[in-house]
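Trainee: Pasting the sequence and the predicted model now:
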Amino acid sequence: MRRLAKPVTPSGVRGFESRPLRQYLLLERSVAGFVRSSPMRLTATILVVFALCGCVERKLLLRSDPPGAEVSLDGTVVGQTPLDLPFVYYGGRRVTMRLEKHKAKSELIEVSAPWYQFTGLDFLFESLVPWTLTDEHEVAFVLQSSRSSGPEGGEPGGRLVRRAEQVLRREGLR
């Protein structure tokens, strides 16, 4: 009987084993060696994976009664109520709400940091905690209705126009 010849490869005569299987075994040995040789590397890898997950989501919830008021935050118009606005920094903010046929209302609000945002703890909760924390601050204004649509609650033109008309009548110019 005749013997079957073994295949010839660039590195010499080999058996009938498959090359991808050998590569898989080499990869398995290298992963096992990585885990056995360096538990610190494995710990660091796990920490990096957890660091990619942490997050603190900050929202400023702006509401008005009646809804639909135009909202200005620190002098910039940002939208209409109800409004959920993301923010980055804590501290004082000027919120102004205007609605047609209602008196405008402006107030300085203080957006204070929760305990997990204090210096030192903030890094831990922003980057190492594997879930998302939500910090919400709600600001609600009740807008009083006005009988006219003027900018200051009077007839068209507001109090300044009424005062000017009174002065003109008193002086006899009108």
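Mentor: Looks like it came in fine.

Trainee: What segments of the chain are helices?
Mentor: 19-37, 39-51, 121-123, 158-171 (DSSP state H).

Trainee: And stretch 113-121, what's buried?
Mentor: Residues of stretch 113-121 classed as buried by neighbour count (16 or more other Cβ atoms under 10 Å): Gln117. Every residue, glycine included, has its C-beta placed from N, CA and C.

Trainee: what about that stretch, start to end distance?
Mentor: 12 Å (Cα to Cα, to the nearest Å).

Trainee: ok, residues contacting it?
Mentor: With contact meaning Cβ atoms under 8 Å, 6 or more residues apart in numbering, stretch 113-121 is reached by 56, 90, 122, 125, 133, 135.

Trainee: Tell me the one of those nearest Gly75?
Mentor: When the contacts of stretch 113-121 are compared for distance to Gly75 (Cβ to Cβ), Tyr90 comes out closest, at 18.7 Å.

Trainee: Please pull out the lowest mean pLDDT helix or strand from this protein.
Mentor: When the helices and strands of the chain are scored by mean pLDDT, DSSP states H and E, strand 12-13 comes last with a mean of 52.

Trainee: before we move on, the earlier item: neighbour count added to the contacts of stretch 113-121, as CSV?
Mentor: Shown next, in CSV, are the contacts of stretch 113-121 (neighbours: other Cβ atoms under 10 Å):
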residue, neighbour count
Val56, 16
Tyr90, 15
Asp122, 13
Phe125, 18
Leu133, 15
Asp135, 17
